[in-house]
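> Next comes the sequence, and after it the predicted model I'd like to discuss.
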Amino acid sequence: MKRLVRLVIYLYPAAWRKRYGHEFDALLEDVNPRGTDSLNVLGGALKMQLTQGSFWKISLGCALVGALLAGIWGWFTIPDKHRAIGVLSMPAAASPRESSMRVEELVQEMFSRTVLAELMMRENLYTADRSREPLEDVIERMRTKDIRARVLPSRAIAIEFDYPDASKASSTVKSLMIKMVEVVWNSKQAGAMQSKGGLKIVSLSEKLVAPNRLRIACFGLVWDCSRE
Amino acid sequence: MSDPTILVLSSLADGDKHGYAMMEDIQSFANTRLGPGTLYGAITRLEKEGWIRPIASDDRRQPYRLTASGRRHLEEELAKLNQVVKTGRGRLKHA
């Protein structure tokens, strides 16, 4: 802690350090600083810069505090995101074009307003958002930001869903995969896909996608500097 | 009572003290712990105003002494404070 406080002393104006640095250091030797003392010394340094120091040092001090606060804010308030990934295998299609067209149709159907709204209710997703915003907006955000499907080179479809609650993310992707399998099985247009056994669920996994807290702190730094 | 300026002046009113001795003294008579940044902020301001001055010392710790103008300033401030205390007490009695 002493080492941290001693570093903070460098934020005081040079003229102040020249006059009081030596005795301030002696005081810190006696005090045995606590955690709050480093903040107290930081506050004292900023105040001294405002009254005696040069402009760039004030900016630097404010920027550092801004970045620190933004980092702390991000750390505690931005929820973690969990990404559930489900993989379905596709039967061999007559042509790659046929395959990609069929997948596109399927995804469109799966990510339709009706299906997503039904999922949202069943899995109890976005409850806070739904109480604040129209359902259409929440569905649109889910479709454009949180859920996606892509065709993998190994003739498989991956469905990904990002959500703060890991179990809800997994359960949503599972429901979507089951629905996809059912839709293909029941579809009259499924053609080759159906005759060759339809879609098969291969795997369902989940991983933590942490928010980029370093980026948040940097944003705080840039934002603070631009205000000066 | 948390004005660091008055606390430091009051601490020096009964003799010269260095920073750590002031912190301890203030803690004992005002039950307030001044952080190092706050204490030296007050010392800087008081020295600039000419209300305290450093005195020669061989130690790394720098003792300070209350000046005559510092004493006058402290008396004025305490008188004002006393007036507030009297008024407050009087009003509490009649409430």
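Yep, that arrived. Residues are numbered from 1 along each chain as shown, chains lettered A, B, ... in the order given.
> Might you report the residue contacts of the closest residue in space to residue B:66 that isn't next to it in sequence?
Closest residue in space to residue B:66, ignoring its immediate chain neighbours: residue B:12 at 4.2 Å, by Cβ to Cβ, 6 or more residues apart in numbering or on different chains. Every C-beta, even on glycine, is put in place using the N, C-alpha and C of the backbone. Residue B:12 sits next to B:22, B:52, B:64, B:65, B:66, B:70 when contact means Cβ atoms under 8 Å, 6 or more residues apart in numbering or on different chains.
> can you do 7 Å?
B:52, B:64, B:65, B:66 (Cβ atoms under 7 Å, 6 or more residues apart in numbering or on different chains).
> And it, how far from residue B:65?
7 Å (Cβ to Cβ, to the nearest Å).
> In chain A, spot the helix with the most residues.
helix A:55-77 (DSSP state H).
> Can you name the next helix or strand after it?
strand A:81-89 (DSSP states H and E).
> List the contacts of that following strand.
A:155-166, A:169-170, A:172-174, A:177, A:180, A:199-209, A:211.
> Spell out which parts of chain A neighbour chain B.
Selection of chain A residues close to chain B by Cβ under 7 Å from any Cβ of the partner chain yields A:16, A:20, A:22-24, A:26-28, A:30-31, A:33, A:36-37, A:40-41, A:43-45, A:47-48.
> Weed out the non-buried ones from those residues.
By neighbour count, with 16 or more other Cβ atoms under 10 Å in any protein chain shown, the residues of chain A next to chain B hold A:16, A:20, A:23-24, A:26-28, A:31, A:33, A:37, A:40-41, A:43-45, A:47-48 as buried.
> Regarding chain B, what is its longest helix?
helix B:68-94.
> got the buried residues for it?
Quick answer for helix B:68-94 (16+ other Cβ under 10 Å): B:70, B:73, B:74.
> Intersect those residues with the contacts of chain A.
The subset of the buried residues of helix B:68-94 within reach of chain A, by Cβ under 7 Å from any Cβ, is empty.
> Would you mind giving those as a markdown table with pLDDT and distance to residue A:80 added?
Below are those laid out as a markdown table (pLDDT from 0 to 100; distance: Cβ to Cβ, whole Å):
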| residue | pLDDT | distance to residue A:80 |
| --- | --- | --- |
| B:70 | 96 | 56 |
| B:73 | 96 | 56 |
| B:74 | 96 | 56 |
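> Reformat the residues you listed as JSON lines; add distance to residue B:41.
JSON lines is the format used below for the buried residues of helix B:68-94 (distance: Cβ to Cβ, whole Å):
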{"residue": "B:70", "distance to residue B:41": "16"}
{"residue": "B:73", "distance to residue B:41": "17"}
{"residue": "B:74", "distance to residue B:41": "18"}
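> Which one of the contacts of residue B:12 is nearest to chain A?
The shortest approach to chain A among the contacts of residue B:12 belongs to residue B:64, at 9.6 Å (Cβ to the nearest Cβ).
> give the contact list for the closest one.
B:12, B:16, B:17, B:43, B:52, B:53, B:54.
> Got the phi and psi for it?
phi -120, psi 150 (degrees, to the nearest 10).
> And the next helix or strand past the worst-scoring helix or strand of chain A on mean pLDDT?
Every helix and strand in chain A was compared by mean pLDDT, DSSP states H and E; the lowest is helix A:192-195, with a mean of 54. Using DSSP H and E, the helix or strand that follows helix A:192-195 in sequence is strand A:200-209.
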